[in-house]
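> coords please:
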Amino acid sequence: MDQTEMETIIYTVSEGVATLTLNRPKQKNALDMVMRREVSEVVSSIKSDRGIRALILAGSGGAFCAGGDVRTMDAGANAEEARNRMADLHRWLADLLNLDRPVIAAVDGPAYGAGFGLALAADFIIATPRARFCMPFLRLGLIPDCGMLYTLPRVVGLQRAKELAFSTREVDAEEARHLGIVFEIHSAERIDARARQLALSFTQASQTALSLTKRALNTSLDSNLATMLEMEANGQGLARSTGYHRDAVSRFIQKQLPLFQWPNAVE
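A predicted model of the protein is given here:
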């Protein structure tokens, strides 16, 4: 296992699975400027490393991410400075949202503000019973950020997204699962194992098929039938040309188990 410990994050790679752990536990892993820069560097590295087949996002110390570090925000910043600060975040956030490999967020404790947005950048959110999700932006006279104006309505629908943004109320793990935000709930002792179990399963899947499927599904809500059918035809043509597909067909004919199987939850 390769491990890199930076000032605000811990980054490990093992068996094709990368884990990015936010590591400011005393601040509940709030995003300061150093963490933003370090996350940006790691996301850029993952994007170019084809040996990484899946990514896990996590937080240390019983918290996922409490959002932006308010103490490092300059309330007197002018509009241009504030906009540039968000633009810097958006560069790596877009790379994370568009990463052509599965991303799993393991949320234990609070995922507030930008922390909620960071979790929504994942393909799957698994959570512990003590996970809490909140959009407190209006309390500070701000609007939702970290991509939430795009991601949240696509997960919960427009009316519910407005309610969560306007009310600034906290959502627990069970309600988050009911709303479709959380995929599964596991104990704090088991969540890391489940996240890794899911991530490792993807290392046995076709990278080409996973990439094409994720890209098409992410595009679908902003597209139309003709475009999606064209993406389907082109993508299937590429997928059928891969060695992985030929091997999978051979295994099927020989009545062998497929290489990729969705894993049942850890006991």
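
> C-alpha only now, for contacts and for neighbours.
Fine.

> Just the CA coordinates for stretch 7-22, please, in PDB.
Only the C-alpha atoms of stretch 7-22 are listed here, as PDB (Å, rounded to 0.1, in the frame of the first residue of the first chain):
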ATOM      1  CA  GLU A   7      -0.900  18.700   5.700                       C
ATOM      2  CA  THR A   8      -4.600  18.300   5.600                       C
ATOM      3  CA  ILE A   9      -5.300  14.900   3.900                       C
ATOM      4  CA  ILE A  10      -4.200  11.300   3.900                       C
ATOM      5  CA  TYR A  11      -4.000   9.700   0.500                       C
ATOM      6  CA  THR A  12      -3.500   5.900   0.000                       C
ATOM      7  CA  VAL A  13      -3.500   3.600  -3.000                       C
ATOM      8  CA  SER A  14      -3.900  -0.200  -2.600                       C
ATOM      9  CA  GLU A  15      -5.000  -2.900  -5.100                       C
ATOM     10  CA  GLY A  16      -6.300  -0.300  -7.500                       C
ATOM     11  CA  VAL A  17      -8.300   1.600  -5.000                       C
ATOM     12  CA  ALA A  18      -7.500   5.200  -4.000                       C
ATOM     13  CA  THR A  19      -8.700   6.600  -0.700                       C
ATOM     14  CA  LEU A  20      -8.700  10.300   0.000                       C
ATOM     15  CA  THR A  21      -9.300  11.100   3.700                       C
ATOM     16  CA  LEU A  22      -9.800  14.600   4.800                       C
END
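
> Show residues contacting it.
1-5, 23-24, 29, 34-35, 38-39, 42, 46, 51-60, 64-65, 196, 199-200, 203 (Cα atoms under 8 Å, 6 or more residues apart in numbering).

> excluding its backbone neighbours, what's nearest the residue most central in space within the chain?
Nearest to the geometric centre of the chain sits Ala122, at 1.7 Å (Cα atoms, centre = their mean). Distance criterion Cα to Cα, 6 or more residues apart in numbering; nearest residue to Ala122, sequence neighbours excluded, is Val103 at 4.8 Å.

> ditto for Ile46
Nearest to Ile46 is Ile52, by Cα to Cα, 6+ apart, at 6.7 Å.

> Can you pull out the low-pLDDT segments for this protein?
Counting by pLDDT under 70, the chain contains low-confidence residues at 72-77, 266-267.

> Which parts of it are strands?
For the chain, the strands defined by DSSP state E cover 2-5, 9-14, 17-22, 54-59, 103-107, 110-112, 124-127, 132-134, 170-172, 184-185.

> Save those as CSV, and put in mean neighbour count and distance to Phe252 too.
Below are the strands of the chain laid out as CSV (neighbours: other Cα atoms under 10 Å; distance: least, Cα to Cα, whole Å):
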stretch, mean neighbour count, distance to Phe252
strand 2-5, 11, 36
strand 9-14, 18, 29
strand 17-22, 23, 27
strand 54-59, 26, 25
strand 103-107, 28, 28
strand 110-112, 26, 43
strand 124-127, 24, 28
strand 132-134, 25, 43
strand 170-172, 18, 43
strand 184-185, 21, 30
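
> Out of those, which gets nearest to Thr208?
For the strands of the chain, the distance to Thr208 is smallest for strand 54-59, at 13.2 Å, taking Cα to Cα.

> What is the neighbour count of Ser187?
Using other Cα atoms under 10 Å, Ser187 is surrounded by 13 other residues.

> could you pull out the helices for this protein?
Taking DSSP state H, the helices of the chain run over residues 33-48, 79-97, 114-120, 148-156, 158-167, 173-179, 191-202, 207-220, 225-240, 243-253.

> TSV for those, including distance to Pro263 and mean neighbour count?
Listed next are the helices of the chain as TSV, based on distance: least, Cα to Cα, whole Å; neighbours: other Cα atoms under 10 Å:
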stretch	distance to Pro263	mean neighbour count
helix 33-48	24	16
helix 79-97	24	14
helix 114-120	22	26
helix 148-156	23	17
helix 158-167	31	15
helix 173-179	19	18
helix 191-202	7	21
helix 207-220	16	17
helix 225-240	23	13
helix 243-253	18	14
